[in-house]
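Undergrad: Let's see this in three dimensions:
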Amino acid sequence: MRYLTVVRHAKAVPAPAGGPDVDRPLAARGRDQCATLRVWATDPSSLGAYGPAMALVSAAARTRETFERAFDGTPFILGYELSSLIYNGARDVTAEDVLIELAAIDPVTSSLLVVAHNPTVHELVLTLALRAPKELRNGRYPLAGAYVLALADDRPIGLGRLEVIDRYVPLD
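TA: Numbers count the residues shown, from 1 in each chain. Predicted coordinates:
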């Protein structure tokens, strides 16, 4: 069995008036959320059990920083690709857009991780999940939330329905 872990970036600072959204770094609370994710990602009895993963990371500053602080350099990560195509600030990004990008990096031999933005991550999990977690059915995808879906060992990522088997959400 392999896995798809879908992560929304951690809490970012607001964009300055007239400043570019893409450059927003993490807030102190976001850095704390990443520290919690990193503990889980390095624990083989926690989130770490669902790796090693090939990661797809939005090119925005806050998603890159979330990835770097929470996952980069851990045994959870095999490698990663940055993608400006899954950044929501330039256009509406759909779950299908993310799946196309994931398929391009999917080795079909390891798990996958995506670190991106809402509402896309929310749509992605709802699109793929056999049964959506209750908090997601209510329209809320938590900051720094990580949802783990089970993938078949022998099939590339696609639009098939997947079981949500675990979730990790740092406390605010």
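
Undergrad: What number of residues are in the vicinity of the closest residue to residue 83 other than its chain neighbours?
TA: Using CB to CB, 6 or more residues apart in numbering and skipping the chain neighbours, the partner closest in space to residue 83 is residue 101 (5.2 Å). From N, CA and C alone the C-beta is placed, and that goes for glycine too. By other CB atoms under 10 Å, the residues close to residue 101 number 20.

Undergrad: quick one, phi/psi of residue 101?
TA: phi -70, psi -40 (degrees, to the nearest 10).

Undergrad: I'd assumed residue 167 was in contact with residue 145.
TA: Yes. Residue 145 lies in contact with residue 167 (CB atoms under 8 Å); the separation is 6.9 Å.

Undergrad: Following element in sequence after the helix or strand of the chain with the lowest mean pLDDT, please.
TA: Least confident helix or strand of the chain, by mean pLDDT, DSSP states H and E, is helix 134-137 with a mean of 88. The C-terminal neighbour of helix 134-137 among helices and strands, as given by DSSP states H and E, is strand 146-151.

Undergrad: Can you list the buried residues in the longest helix seen in the chain?
TA: Ordering each helix of the chain by length in residues (DSSP state H) puts helix 28-41 first. Residues of helix 28-41 classed as buried: 29-34, 36-38, 40-41 (neighbour count, 16 or more other CB atoms under 10 Å).

Undergrad: returning to that earlier point: in PDB, could you pull the C-alpha coordinates for the least confident helix or strand of the chain?
TA: Extracted C-alpha coordinates of helix 134-137, given in PDB (Å, rounded to 0.1, in the frame of the first residue of the first chain):
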ATOM      1  CA  LYS A 134     -16.800  15.400   8.900                       C
ATOM      2  CA  GLU A 135     -14.900  18.700   9.200                       C
ATOM      3  CA  LEU A 136     -14.300  18.700   5.500                       C
ATOM      4  CA  ARG A 137     -18.000  18.100   4.700                       C
END
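
Undergrad: counting contacts, what elements does it pack onto?
TA: Counting contacts by 3 or more CB pairs under 8 Å, 6 or more residues apart in numbering; DSSP states H and E, helix 134-137 is packed against helix 120-128.

Undergrad: Now residue 120: closest residue in space that isn't a chain neighbour?
TA: Residue 120 sits nearest to residue 93 (CB to CB, 6+ apart), 4.7 Å away.

Undergrad: distance of that neighbour from residue 18?
TA: 23 Å (CB to CB, to the nearest Å).
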